[in-house]
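> Kindly return the folded structure for what I paste below:
(chains A and B)
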Amino acid sequence: DTAVSQTPKYLVTQMGNDKSIKCEQNLGHDTMYWYKQDSKKFLKIMFSYNNKELIINETVPNRFSPKSPDKAHLNLHINSLELGDSAVYFCASSPTANTEAFFGQGTRLTVV
Amino acid sequence: GENVEQHPSTLSVQEGDSAVIKCTYSDSASNYFPWYKQELGKRPQLIIDIRSNVGEKKDQRIAVTLNKTAKHFSLHITETQPEDSAVYFCAALPTGEKLTFGTGTRLTIIP
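I've put the predicted structure just below:
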């Protein structure tokens, strides 16, 4: 019954690989996000979707591609992984675009 | 776009004392200001929020104040306890824009 769940929790992979992180929310929220938290704990938004439509796309390398098959799911695919991609990636959702975000448990990505 | 500055970056207080974390924002269109607490290895969780039509909000030991004229808002934790140790993030949200987070404050409560 977890509100925002993302998988996997940990992901260790080699440089150059392609990987995906999945996110699902059962809160009925319209808006979903991907955030990246680096080693200094800075939380930066990457993407925002509202009802499956992309509404925010920050300056993120185009190796990162989000996909929202429906408004309850927002997946993140990363191509050609680099060492600098190592971070914790958080999925989040909110009822609308102007309210608080509810975070998933995070995916710790380590690129070796 | 919105820019949020947060101070201090680290804060240590004796158990039972008060802790104050301050944030400033740049976009006068921001009208929603949440505070998140992130314990080690966990997700950020909302602890309190305030909207621009209110100057202060309190929830038990936690309070937030907002000064729209000066564009700053603060988190106050009274009677601190060991379980208050965590990283705290402020954020600001202009209507129709994205939630922008501050850089975080690592709060340590000394028993």
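
> Now do the strands in chain B.
Per DSSP state E, chain B carries strands over the ranges B:4-7, B:10-14, B:19-25, B:30-38, B:45-51, B:56-59, B:62-67, B:72-77, B:86-94, B:100-101, B:105-110.

> Any idea what residue A:49 is bridged to?
On DSSP bridges, the residues paired with residue A:49 through beta bridges are residue A:32, residue A:54.

> in chain A, which residue is closest to the centre?
Most central in chain A under CA atoms, centre = their mean is residue A:34, positioned 3.2 Å from the mean C-alpha point.

> follow-up on the earlier one: take the strands of chain B and write them to CSV, including mean neighbour count, distance to chain A and mean pLDDT.
Every C-beta, even on glycine, is put in place using the N, C-alpha and C of the backbone. CSV is the format used below for the strands of chain B (neighbours: other CB atoms under 10 Å in any protein chain shown; distance: least, CB to the nearest CB, whole Å; pLDDT from 0 to 100):
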stretch, mean neighbour count, distance to chain A, mean pLDDT
strand B:4-7, 17, 11, 96
strand B:10-14, 13, 11, 98
strand B:19-25, 20, 13, 98
strand B:30-38, 22, 5, 95
strand B:45-51, 17, 5, 95
strand B:56-59, 12, 13, 96
strand B:62-67, 18, 13, 97
strand B:72-77, 21, 15, 97
strand B:86-94, 24, 6, 95
strand B:100-101, 23, 4, 92
strand B:105-110, 18, 8, 98
